[in-house]
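Peer 1: just need the structure, nothing else, for what follows:
(one chain, ligands or ions: 4)
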Amino acid sequence: MATQFLLVLSVMLLIQSHGGKGDDTPISRFQQYLRFKTAHPNPNYSAPISFLVEQAESMGLTTRTIEYVRGKPVLLVTWLGSNPKLPFILLNSHLDSVPAEADKWIHPPFSAHRTSDAGLIYARGSQDDKCIGVQYLESIRNLKSRAFLPLRTLHISYVPDEEIGGFDGMAKFAASSDFRELNVGFAMDEGQANPGDDFRVFFADRTPWELVIRAHGIPGHGAKLYDNGAMENLMKSVELISKFRDSQFDFVKAGKAANSEVISVNPVYLKARTPSNTGFVMNMQPSEAEAGYDLRLPPMADPDLMKKRIAQEWAPSIRNMTYTIKEKGKLRDHLGRPIMTATNGSNPWWAVFKQAVEATGGKLAKPEILASTTDARYIRTLGIPLLGFSPMINTPILLHDHNEFLKDTVFLKGIEVYESVISSLSSFEGVSAQMI
Ligand SMILES: *[C@@H]1O[C@H](CO)[C@@H](O)[C@H](O)[C@H]1NC(C)=O
Ligand SMILES: *[C@@H]1O[C@H](CO)[C@@H](O)[C@H](O)[C@H]1NC(C)=O
Ligand SMILES: *[C@@H]1O[C@H](CO)[C@@H](O)[C@H](O)[C@H]1NC(C)=O
Ligand SMILES: [Zn+2]
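Peer 2: Ligands and ions are numbered 1, 2, ... in the order given. Next comes the predicted model:
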């Protein structure tokens with residue numbers, strides 16, 4: 001009898017350590033979630049949603065799937081708190097991933113292979129951001145097993161299409177009456193890994209602008225020297241923009257600002273030619289020339305000042321230039337305030353969050369602006385405080401890279417961190433006039 005029991009036990013341990021069938025642990029559930037093929041351009045949303053619904057319902061959480069755009073579901077998981085009058089907490093993550101070039105990976109990107117020596121779990125989405133999607137649920141599982149009861153209701157949202165701008169996902173969800181009814185007082189969304197020992201936390205995104213400048217000029221023979229050609233007019237702007245770029249980059253190089261704290265402006269295309277059947281007419285100076293730039297503005301930047309600079313210096317009509325700016329988000333909320341979440345005493349949630357992380361022995365790095373953008377901007381725009389946070393320390397930053405991985409122990413530590421964060425946030429009684 002005893003030997004039989006030992007045999008069964010050792011087989012079970014063997015199965016656990018090898019991640020075989022029947023294995024049901026936080027790590028194996030993470031691997032299961034990672035195996036869904038959610039990469040663009042054809043993310044499969046139905047399979048991961050079924051999985052998440054099953055997980056959530058098995059824990060006694062309620063779920064609701066809403067489609068604002070056909071085939072692009074938003075999943076909402078809810079843990080009811082005892083005081084429905086208090087504003088709720090929202091934890092967000094996205095379902096989709098960027099594509100992966102399988103032949104450049106050492107393990108297939110949707111295999112969620114876990115190395116036997118270091119415990120590295122390789123998968124597209126392991127850092128960005130399926131880790132937090134599973135950690136939210138696993139931490140609630142642990143809190144429930146300890147009979148923890150939230151005061152504030154907690155919602156977890158899983159949204160589609162973040163990696164392609166979120167227009168059919170969070171943008172529509174945040175603008176919906178469903179979202180307003182959630183009465184969100186504080187939200188969290190993805191952050192980024194840190195190779196160092198501190199947890200990174202993000203209080204704002206930069207806002208992208210797509211700038212196209214166009215020059216018009218007199219066409220002419222390729223052999224002729226004359227003023228005011230389109231190419232010449234454009235090159236004057238290219239030089240001015242380069243100087244501005246240098247002035248911003250100098251702050252970063254001098255250590256006065258982080259990359260994400262300055263206005264970045266990077267050339268992304270140049271277009272000018274007189275076409276011929278084989279390519280370019282080589283003895284013609286073209287009458288039109290165009291350049292495209294990717295601009296990123298931190299929340300403190302003055303959008304009006306930037307527009308003035310573009311109109312007067314970068315694409316002045318006096319030099320026969322025109323321009324278009326496509327703003328991919330706002331820099332100011334409905335009250336004209338920069339869209340960012342305070343990380344000081346003026347935001348009571350900040351102290352709750354910080355203490356919760358520190359209670360697990362963790363330390364927070366200096367709060368940062370994210371260099372790129374996430375779905376967080378749609379929520380912050382509504383005036384709701386939101387922190388970007390993915391608890392991954394001692395981890396190389398591999399989002400969108402080949403061989404994206406997360407170490408098993410880092411993933412498990414993240415569950416512990418969220419247990420502390422979720423229990424603190426959902427127990428926070430708040431201040432009477434909530435600052436949002
Ligand atoms: C999504 O994945 C599931 C499970 O792998 C599969 O059954 C289903 O056909 C897929 N759906 C689409 C639209 O590819
Ligand atoms: C602008 O275009 C006009 C009309 O073609 C031309 O006379 C003028 O020289 C141009 N100016 C510049 C700076 O290119
Ligand atoms: C808190 O930070 C915000 C900017 O994020 C600033 O405007 C405000 O003055 C600060 N308040 C306090 C009390 O330090
Ligand atoms: Zn992401």
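Peer 1: select the longest helix from the chain.
Peer 2: helix 230-253 (DSSP state H).
Peer 1: any buried residues in that helix, and which?
Peer 2: 230-238, 241, 244-245, 248 (16 or more other CB atoms under 10 Å). Every residue, glycine included, has its C-beta placed from N, CA and C.
Peer 1: residues contacting stretch 98-116, please?
Peer 2: 19, 27, 30-32, 34-37, 39-41, 120-124, 126, 128, 163, 400, 402-404, 408 (CB atoms under 8 Å, 6 or more residues apart in numbering).
Peer 1: quick one: mean pLDDT over it.
Peer 2: The average pLDDT within stretch 98-116 is 96.
Peer 1: same deal with stretch 262-280?
Peer 2: For stretch 262-280, the per-residue pLDDT averages 94.
Peer 1: kindly report the same for stretch 166-179.
Peer 2: Stretch 166-179 comes out at a mean pLDDT of 97.
Peer 1: cool, stretch 219-233 as well?
Peer 2: pLDDT averaged over stretch 219-233 gives 95.
Peer 1: near ligand 1, from the buried residues of helix 230-253?
Peer 2: Applying CB under 6 Å from any ligand atom to those, one finds that nothing falls near ligand 1.
Peer 1: can you check the pLDDT for residue 433?
Peer 2: pLDDT, read off for residue 433, is 47.
Peer 1: what residues go with each domain of the chain?
Peer 2: For the chain, automatic domain parsing gives the domain ranges 21-201+343-427, 207-327.
Peer 1: mind checking the end-to-end distance for stretch 94-101?
Peer 2: Terminal residues of stretch 94-101 lie 21 Å apart, using CA to CA, to the nearest Å.
Peer 1: if you count neighbours, what's buried in it?
Peer 2: Result for stretch 94-101 [16+ other CB under 10 Å]: buried residues 94, 95, 96, 97, 98, 100.
Peer 1: need phi/psi at the fifth one.
Peer 2: According to degrees, to the nearest 10, the main-chain angles of residue 98 amount to phi -80, psi 160.
Peer 1: identify the bridge partners of residue 67.
Peer 2: residue 73 (DSSP bridges).
Peer 1: which one of the domains of the chain lies nearest to ligand 3?
Peer 2: Among the domains of the chain, the nearest to ligand 3 by CB to the nearest ligand atom is domain 21-201+343-427 (3.8 Å).
Peer 1: which residues of the stretch 1-150 of the chain lie near ligand 1?
Peer 2: 44, 46, 47.
Peer 1: any idea how far the first one is from residue 156?
Peer 2: Which is residue 44. Relative to residue 156, residue 44 is positioned 20 Å away (CB to CB, to the nearest Å).
Peer 1: which one's more surrounded, those two?
Peer 2: Neighbour totals were compared for residue 44 and residue 156, and residue 156 leads with 25 against 13 (other CB atoms under 10 Å).
Peer 1: am I right that the more buried one is in a strand?
Peer 2: Yes: counting by DSSP: H, G, I helix; E, B strand; the rest coil, residue 156 is part of a strand.
Peer 1: that one contacts residue 136, correct?
Peer 2: Yes: between residue 156 and residue 136 there is a contact under CB atoms under 8 Å: 5.0 Å.
Peer 1: can you list residues touching both of these two?
Peer 2: Common neighbours of residue 156 and residue 136 (CB under 8 Å, 6+ apart) are 91, 93.
Peer 1: circling back: report the buried members of the contacts of stretch 98-116.
Peer 2: For the contacts of stretch 98-116, buried by 16+ other CB under 10 Å: 19, 27, 30-32, 34-36, 39, 120-124, 126, 128, 163, 403-404, 408.
Peer 1: in this structure residue 359 contacts residue 420, no?
Peer 2: Yes: Residue 359 is within contact range of residue 420, at 5.1 Å (criterion: CB under 8 Å).
Peer 1: between those two, which one's more packed in?
Peer 2: Counted by other CB under 10 Å, residue 359 and residue 420 do not tie: residue 420 has more neighbours, with 20 against 14.
Peer 1: what sits against that one?
Peer 2: Residue 420 touches 356, 357, 359, 360, counting by CB under 8 Å, 6+ apart.
Peer 1: what about it, distance to residue 57?
Peer 2: 25 Å.
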